[in-house]
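Student: below is the structure, and that's it, no one-letter string:
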């Protein structure tokens, strides 16, 4: 196994909350239906996860926000489910594992992603 890419992103939760309050359509634009019911700090962490994932991929050509969905694996750990252009990039790069860690505390949301090849 080898690391194909690492990405980290930080989101100011208050700024994110203001943006979603001003433009409620952001919730639908940025998040898959299964993500939308989360609290705003959790959504900020999911937004950071999507940004960190694109950084770990090294590109985002054609990727849409709904091509990445933060879900829980069978053990309850967060991971990113990919579809569309994101799935095509994952396949093209030979990525076999996506490791995600997220947190939100003290007004910030942080996510880190490691993409792994076989």
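Tutor: Everything's here; your move. Computed from a prediction, not measured in an experiment: that's the story for all the values here.
Student: and residue 104, what helix or strand is that in?
Tutor: Element membership of residue 104, judged by DSSP states H and E, is strand 95-105.
Student: repeat for residue 5
Tutor: Residue-wise, residue 5 maps onto strand 2-12 under DSSP H and E.
Student: contacts for the helix or strand following that strand?
Tutor: Downstream of strand 2-12, the first helix or strand assigned by DSSP H and E is helix 13-22. Contact with helix 13-22 is made by 26, 27, 40, 41, 43, 44, 47, 104, 107, 108, 109, as judged by Cβ atoms under 8 Å, 6 or more residues apart in numbering. The C-beta positions use only the backbone N, C-alpha and C, and glycine is treated the same way.
Student: burial measure for the closest residue to the third one other than its chain neighbours, as a count.
Tutor: The spatially closest residue to residue 40, leaving aside those adjacent along the chain, is residue 17, at 4.8 Å (Cβ to Cβ, 6 or more residues apart in numbering). Around residue 17 sit 15 other residues, with neighbours defined as other Cβ atoms under 10 Å.
Student: just residue 6 next, same as before
Tutor: By other Cβ under 10 Å, neighbour count at residue 6 equals 13.
Student: that one bridge partners, please.
Tutor: residue 114 (DSSP bridges).
Student: residues touching it, list them.
Tutor: Residue 6 sits next to 55, 56, 112, 113, 114, 115 when contact means Cβ under 8 Å, 6+ apart.
Student: any idea which of the residues you listed is closest to residue 34?
Tutor: Taking Cβ to Cβ as the measure, residue 34 lies nearest residue 113 of the contacts of residue 6, at 18.8 Å.
Student: surely residue 64 and residue 88 touch.
Tutor: No - using Cβ atoms under 8 Å as the test, residue 64 is too far from residue 88 to be in contact (11.7 Å).
Student: what's the separation between the nearest residue to residue 84 once chain neighbours are set aside and residue 60?
Tutor: Spatial nearest neighbour of residue 84, chain neighbours left out: residue 67 (3.9 Å); criterion: Cβ to Cβ, 6+ apart. Plainly put, residue 67 is 9 Å away from residue 60 if you go by Cβ to Cβ, to the nearest Å.
Student: among those two, which residue is more densely surrounded?
Tutor: Per other Cβ under 10 Å, whichever of residue 67 and residue 60 has more neighbours is residue 67, with 22 against 17.
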